[in-house]
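# Need the 3D shape of this:
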Amino acid sequence: MIKILIVDDHKIVRDGLSRILSSVDGLYVVDDVGSGEEAIDMVIRHRPNIVLMDLSMPGIGGLEATKRILRHASDTKIIILTLLCAGPLPENILSNGVHAYLSKGVGAQEVIKAIEAVHLGERYLSKDIAQSLALRAFSKKDSIPFQSLSDREMQIASMIIHCYSVRQIATSLSVSPKTVNSYRYRIFSKLNISGDMQLAILAIQYQIVHPSEINLHRSRVF
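Numbers count the residues shown, from 1 in each chain. Purely as a prediction, here's the structure:
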């Protein structure tokens, strides 16, 4: 029996995946949650074989949750299932130990195929991800600006992009607002930008985030 944890901030996605996977012999959905923090807690509680992980979620997000799970629960394997199928993220995440990367454009049968392959110790990429990685390998473009950010800076940049306030980021990461602001201005300096709006636009331009996942007009309370 393959035990699966589903992590996505959209309940309709979790419900759909849970219903599909639960109907397959040999697959068992132990739980479904909507944030990175909950994912870490559920991995500790249930010790699933496979985590289906979205990247853009509230709190620490899927990227940081993935790194923590891989670091502290080596028996659990991660399959990324996300809208972000281009840009530098697939290559970066796969290099950190993720076993499979799928776009949300794939069908249910391919998700099942990926789960079974990863459980057997194989790696799996959906066709569009594999094509994106191949094109990047042959590209002569300069490295993207976001590659200059540390893991923590990238985590905070992602939360800013998703319209989290400084206070919300500080609370989520258990640091002071002053520390968040220090990171914030360091990020702006490294990327040669002057504000949150430019950060969001740059993230869309370099395919760090899908345009549908952020609202450039949402106000923040700092």
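
# pLDDT at the spatially most central residue of the chain, what is it?
Nearest to the mean C-alpha position of the chain, counting by CA atoms, centre = their mean, stands Leu55 at 1.9 Å. Looking at Leu55, its pLDDT stands at 84.

# Identify the residue nearest it in space, chain neighbours excluded?
Gly62 (3.9 Å; CB to CB, 6 or more residues apart in numbering). (Glycine included, C-beta is placed from N, CA and C.)

# Which other helices and strands does the helix or strand containing the one you found contact?
Using DSSP states H and E, Gly62 sits in helix 61-72. Judged by 3 or more CB pairs under 8 Å, 6 or more residues apart in numbering; DSSP states H and E, helix 61-72 is in contact with helix 36-46, strand 50-53, strand 77-82, helix 89-95, helix 151-161.

# Surely the residue nearest to Leu55 and Ser35 touch.
No: taking contacts as CB atoms under 8 Å, Gly62 lies outside contact range of Ser35: 9.1 Å.

# neighbour count winner among those two?
Gly62 (27 against 20; other CB atoms under 10 Å).

# Poorly predicted segments of the chain, please.
For the chain, the stretches flagged by pLDDT under 70 are 84-89, 131-143, 210, 212-222.

# tell me which residues of the longest helix anywhere in it are tucked away?
For the chain, the longest helix by residue count, based on DSSP state H, is helix 177-191. Buried residues in helix 177-191, counting neighbours by 16 or more other CB atoms under 10 Å, are found at 177, 180, 183-184, 187-188, 190-191.

# count of neighbours near Leu102?
When neighbours are defined as other CB under 10 Å, Leu102 has 23 of them.

# what does Ser95 give?
Neighbours of Ser95 using other CB under 10 Å come to 8.

# what's stretch 100-118 in contact with?
By CB atoms under 8 Å, 6 or more residues apart in numbering, the residues outside stretch 100-118 that reach it are 2, 4, 13, 17, 20-21, 24, 27, 50, 52, 77-85, 90, 93-94, 99, 123-126, 128-129.

# what's the neighbour count on the closest residue to Asn96 other than its chain neighbours?
Nearest residue to Asn96, sequence neighbours excluded (CB to CB, 6+ apart): Lys67, at 6.2 Å. Other residues lying near Lys67 total 19 when counted by other CB under 10 Å.

# Could you do Asp25 as well?
When neighbours are counted by other CB under 10 Å, Asp25 comes out with 5.

# That one: what secondary structure?
The local conformation at Asp25, judged by DSSP: H, G, I helix; E, B strand; the rest coil, is coil.
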